[in-house]
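*Asks:* Return a 3D structure for these sequence lines:
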Amino acid sequence: MIKFLPLIFILLWSSAFITTKPIVDYSDPFAALSFRFLIVAIGFYLFSLFSKQKILVSFKSLLPSISTGILFHGFYLGGVFYSISIGLPTGIAALIVTLQPVLTNALAGPILNEKITLNKWIGVLLGFTGATLVIGFDIGSSLPFFGIIAVLISLIAVTSATLWQKKISNNLPLSVSNMYQAIGGFIFHLVVIIFFIQKPFIDFSTTFIIAMSHQILLVSFGAFTILMFLIKKNSASKTVSVFFLIPPTSAIMAWLFLGESLNNVDIFGFIIATLGVYIATREKN
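*Replies:* Numbering: from 1, shown residues only. All right, here's what the predicted structure looks like:
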């Protein structure tokens, strides 16, 4: 079952790109994320109670989980949601964030003492090439400046969060750690709302409820839990290599469920990205 977790993660995480735009169409991005992680924190709290996990932990164990949540759920998702809400195309945001495995490979050696082989770098190069082919090069003549800045912050945050989570490797139960990470994300977005957002709003339309339910249940409870498990069990560089398959998989999902076009270049890009991920992850660490 464990060997199928990367595949399940790719499918769940990729589906988030389809529901992000409907969420920011019906809400302020930070209000939506604050609401999302409040529900997620409560959910993991109830699950931890049900499974009789120790919830009250020392500050030394608490701080790393909250800080990881601020990076993952706060800066990373906040940057992506904000950039899309002000007009940055989803594909461009995905392409920039897809640079994460490149940065992680570059930093995993000096920070985590991981061995980054030539095969891994070849896999990373092929993976990014394939993802770029799927997303395309027609980015338009004008892009929101602050949208680009926000998604670059997201890139730095998700890379830092992955390396940090691997480095600390705390021994908290996964549900308890995820609860505190969600609390960190909720606090981050609440602070942003209080100090920077004049009129936060959420329109609880049917579209918003469906999209938000998807991101809470399948992405936050499902995909993120799998990601934390994979980071703990594998090297950071091996884990993040699967991110190259997210843009192609998102494109296929958009073709299947939203009727968006899927051409031969997209299919070729998917094959190249798949080959790259295979090369980058086939070695035992």
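*Asks:* Every contact and neighbour count from this point should use C-alpha atoms.
*Replies:* Noted.
*Asks:* Run through who's touching the one helix or strand residue 255 maps to.
*Replies:* Using DSSP states H and E, residue 255 maps to helix 246-257. With CA atoms under 8 Å, 6 or more residues apart in numbering as the contact definition, helix 246-257 has outside contacts at 10-11, 13-15, 17-18, 91, 94-95, 98, 130-131, 134-135, 260-262, 266, 269-270, 273.
*Asks:* Pull out the buried residues from it.
*Replies:* 246-254 (16 or more other CA atoms under 10 Å).
*Asks:* now stretch 54-67
*Replies:* Of the residues in stretch 54-67, 55, 62, 64-67 count as buried by neighbour count, 16+ other CA under 10 Å.
*Asks:* and of those, the nearest to residue 221?
*Replies:* When these are compared for distance to residue 221 (CA to CA), residue 65 wins out at 15.7 Å.
*Asks:* what's the closest non-adjacent residue to that closest one?
*Replies:* Nearest-residue entry for residue 65: residue 181, 5.1 Å, with adjacent residues in sequence omitted and distances by CA to CA, 6 or more residues apart in numbering.
*Asks:* Could you tell me which residues make contact with that neighbour?
*Replies:* Applying CA under 8 Å, 6+ apart, we find residue 181 in contact with 41, 65-70, 73.
*Asks:* Turn the residues you listed into CSV, columns for distance to residue 119, secondary structure and pLDDT.
*Replies:* Below are the contacts of residue 181 laid out as CSV (distance: CA to CA, whole Å; DSSP: H, G, I helix; E, B strand; the rest coil; pLDDT from 0 to 100):
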residue, distance to residue 119, secondary structure, pLDDT
41, 39, helix, 97
65, 32, helix, 89
66, 35, helix, 93
67, 33, helix, 92
68, 29, helix, 92
69, 32, helix, 94
70, 33, helix, 96
73, 31, helix, 96
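*Asks:* Now tell me which helix or strand of this structure has the poorest mean pLDDT.
*Replies:* Least confident helix or strand, the chain: helix 236-240 with a mean of 71, by mean pLDDT, DSSP states H and E.
*Asks:* What is the end-to-end distance of stretch 210-222?
*Replies:* 16 Å (CA to CA, to the nearest Å).
*Asks:* Likewise for stretch 251-270?
*Replies:* In stretch 251-270, first residue to last residue: 9 Å (CA to CA).
*Asks:* Could you pull up the mean pLDDT of it?
*Replies:* Averaged over stretch 251-270, pLDDT sits at 75.
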